[in-house]
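Colleague: Pasting the sequence and the predicted model now:
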Amino acid sequence: MEQHDKALLEKLENRKMGTRHRIASLIHTNYAELSELLELSDEEIHAAYNEMRAEQDS
């Protein structure tokens, strides 16, 4: 595994479990990239997740 990938995983591991699940959903739906999401706060990730869900529901 590359050093860059290890750094991303370390940042991900430091997040709360609920935030990790939201990040996984955002990546799975191609709504955002991991590197972008890891630069956001937990609150910003939660807002992006809610926005993605609202777009899917409409």
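Modeller: Good, I have the coordinates. Numbers count the residues shown, from 1 in each chain.

Colleague: Going by C-alpha atoms from here, please, whenever you check contacts or count neighbours.
Modeller: Noted.

Colleague: for the record, mean pLDDT for the helix or strand where Ile45 lies?
Modeller: For Ile45, the host element (DSSP states H and E) is helix 42-57. Helix 42-57 shows a mean pLDDT of 96.

Colleague: Of all the residues in it, which ones are buried?
Modeller: The neighbour-count check on helix 42-57 (16 or more other C-alpha atoms under 10 Å) flags Asp42, Ile45, His46, Ala48, Tyr49, Met52 as buried.

Colleague: Distance to His28 for these - can I get that in JSON lines?
Modeller: Shown next, in JSON lines, are those (distance: C-alpha to C-alpha, whole Å):
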{"residue": "Asp42", "distance to His28": "18"}
{"residue": "Ile45", "distance to His28": "14"}
{"residue": "His46", "distance to His28": "15"}
{"residue": "Ala48", "distance to His28": "14"}
{"residue": "Tyr49", "distance to His28": "12"}
{"residue": "Met52", "distance to His28": "11"}
